[in-house]
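Engineer: Sequence and predicted structure below; questions after.
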Amino acid sequence: MEKVVSTVFGCHYHQGHGGAMKKPENYVGIDVSSQTFTSAIGRIGAKWQIVVKPEQFDNSLEGCTAYLHWLQEHGARANNSIICMEATGVYNEMLAHFLLVNNYQVSIEPPLRVKRAFHPEGHKSDPVDSTQISEYAYRFWDELRIWKPRKAILEQIKTLLTAREQFVKEQAAHKNALQALKRKVIRTPLAEALHETAIAQLNENARKIEAEIEKLIDQDPDFRDTVRLLSSITGVGVLLASYMLVIIKSAPQPLSAKVLAAFIGICPYEHTSGSSVHGASTSRHYGPPAVRQLLYLAACSARTHDEKYKQYFYRKVAEGKPKQLVINNIANNMLKVMVAVLRSKTPYIRNYQSVNPGMFKMALTRS
């Protein structure tokens, strides 16, 4: 028997008895846009096929409610279906939450991964995309990750960090424009004053956001401890720790330093092919640029203020290594330290020395 478990968007939703999910009977694909979304249902009979042709719904609460009735009308219930859609930012947020509170299993996949599963041929439309997403869910069912929403505080922190990035970019644009105006032979005081006012306001906005982020983090003991541990590392400030908090806590499973480096875009990849292509290993810079920049600044700070990193930097530069490469190596090492302090729940100790008995024995032998 079903019962009301929550109220979202002013409406009641129902949840039946839970249980382990078997291999789905229905594979539902959804293509989401800002105003509408289109869905198709695939099913395994004698062979895989689309059994319910694509249909379009309004991307609104009323459209979500109509879509729920449509799913149930065609036998796609919560206990026998998997619903797959591409990540489209805020466009699929309401629909994903709506389906989740109705006990459906939802997978939100990277668009590039779905695109690479099909040949780039034929028509490109919402109905075609929804059927392809349905087929993608069927073909890669065992690799789909079930979506879970972030905690409300974590979502707020992520939104604030994104807003701060926008303000910082705008501030940089105003500073560049102001610098250009001040180099002109004929000066325009009003234009310069307006740019200066905008810069001051954007700086104040960023400051308010940082204060609000610290306030939100302080509300959650787990978040507070995570940021405290990360901030104990030389060069890591509250802002970088907040970005790392969002990345780490949003992951479906604990992340290794190698995975973090690849995600952020500082993991060097080999670039060789055959006997003619021999390029230097380099990072791809695919990840979030704000985190990458903050981590670079943290590595520069650690190189200056942490004796271990300082000695490493000058030793490698003396060996002929490019400075940028050495800084990147320091950043990768700092990610390892971040993972270590979070795993051990112990703050970073700058001048830590191992108390391994074997080390004492080795020291005495050498002396």
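Structural biologist: All right, it came through fine. Numbers count the residues shown, from 1 in each chain.

Engineer: For the chain, give me the ranges with low pLDDT.
Structural biologist: Applying pLDDT under 70 to the chain flags residues 1-21, 121-122, 268-286, 351-367.

Engineer: the longest strand in it is where?
Structural biologist: Looking across the chain with DSSP state E, the single longest strand is strand 48-58.

Engineer: in its sheet, what does that strand sit against?
Structural biologist: Here strand 48-58 is paired, per DSSP bridges, with strand 36-44 (antiparallel).

Engineer: now S250, nearest residue through space, not along the chain?
Structural biologist: R150 (5.8 Å; C-beta to C-beta, 6 or more residues apart in numbering). (Each C-beta comes from the backbone N, C-alpha and C, glycine too.)

Engineer: wait, isn't that neighbour in contact with P252?
Structural biologist: No: look at R150 against P252 with C-beta atoms under 8 Å: they stay out of range, at 11.4 Å.

Engineer: who has more neighbours, those two?
Structural biologist: Using other C-beta atoms under 10 Å, the more surrounded residue of R150 and P252 is R150, with 13 against 9.

Engineer: which residues does that one contact?
Structural biologist: When contacts are counted by C-beta atoms under 8 Å, 6 or more residues apart in numbering, R150 touches 158, 249-250.

Engineer: and if you look at F118?
Structural biologist: Going by C-beta under 8 Å, 6+ apart, the list of residues near F118 reads 132, 136.

Engineer: Phi and psi next, for it.
Structural biologist: For F118, the backbone dihedrals (degrees, to the nearest 10) come out as phi -130, psi 150.

Engineer: likewise V185?
Structural biologist: phi -70, psi -40.

Engineer: Likewise for I266?
Structural biologist: Dihedral pair for I266: phi -120, psi 10, per degrees, to the nearest 10.

Engineer: what are the ranges of the helices in this structure?
Structural biologist: Taking DSSP state H, the helices of the chain run over residues 61-73, 93-101, 111-116, 126-139, 152-182, 189-219, 221-231, 238-250, 257-264, 289-305, 307-318, 323-344, 357-366.

Engineer: residue contacts, the closest residue to L240 other than its chain neighbours?
Structural biologist: Of all residues not flanking L240 in the chain, L294 sits nearest, at 4.2 Å (C-beta to C-beta, 6+ apart). By C-beta under 8 Å, 6+ apart, the residues touching L294 are 237, 239-240, 243.

Engineer: can I get those residues in CSV with neighbour count and distance to Q166?
Structural biologist: What follows is the contacts of L294, written out as CSV (neighbours: other C-beta atoms under 10 Å; distance: C-beta to C-beta, whole Å):
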residue, neighbour count, distance to Q166
G237, 15, 20
L239, 21, 15
L240, 23, 18
Y243, 22, 15
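
Engineer: The residue nearest to T234 when sequence neighbours are not counted: neighbour count?
Structural biologist: Leaving aside its chain neighbours, T234 sits nearest to D306 (4.3 Å; criterion: C-beta to C-beta, 6+ apart). Neighbour count of D306, defined by other C-beta under 10 Å: 21.

Engineer: got a list of what D306 touches?
Structural biologist: Residues in contact with D306, defined by C-beta under 8 Å, 6+ apart, are 234-235, 350.

Engineer: Could you list the domains of the protein?
Structural biologist: For the chain, automatic domain parsing gives the domain ranges 3-143, 150-219, 222-349.

Engineer: Work out the gap between the shortest one and the centre of the chain.
Structural biologist: Distance of domain 150-219 from the chain centroid (C-alpha atoms, centre = their mean, to the nearest Å) equals 22 Å.

Engineer: try the longest one
Structural biologist: Put simply, domain 3-143 sits 22 Å off its chain's centre (C-alpha atoms, centre = their mean).

Engineer: can you pull the contacts of the most centrally placed residue in the chain?
Structural biologist: The centroid of the chain falls nearest to I247 when counting by C-alpha atoms, centre = their mean (5.5 Å). The contact partners of I247, by C-beta under 8 Å, 6+ apart, come to 255, 260, 263-264, 291.

Engineer: partner residues bridging the nearest residue to V52 once chain neighbours are set aside?
Structural biologist: Leaving out its chain neighbours, the residue that sits closest to V52 by C-beta to C-beta, 6+ apart is I41, at 3.8 Å. Beta-bridge partners for I41, by DSSP bridges, are V28, V52.

Engineer: and I41, how far is that from M94?
Structural biologist: Distance, I41 to M94, using C-beta to C-beta, to the nearest Å: 21 Å.
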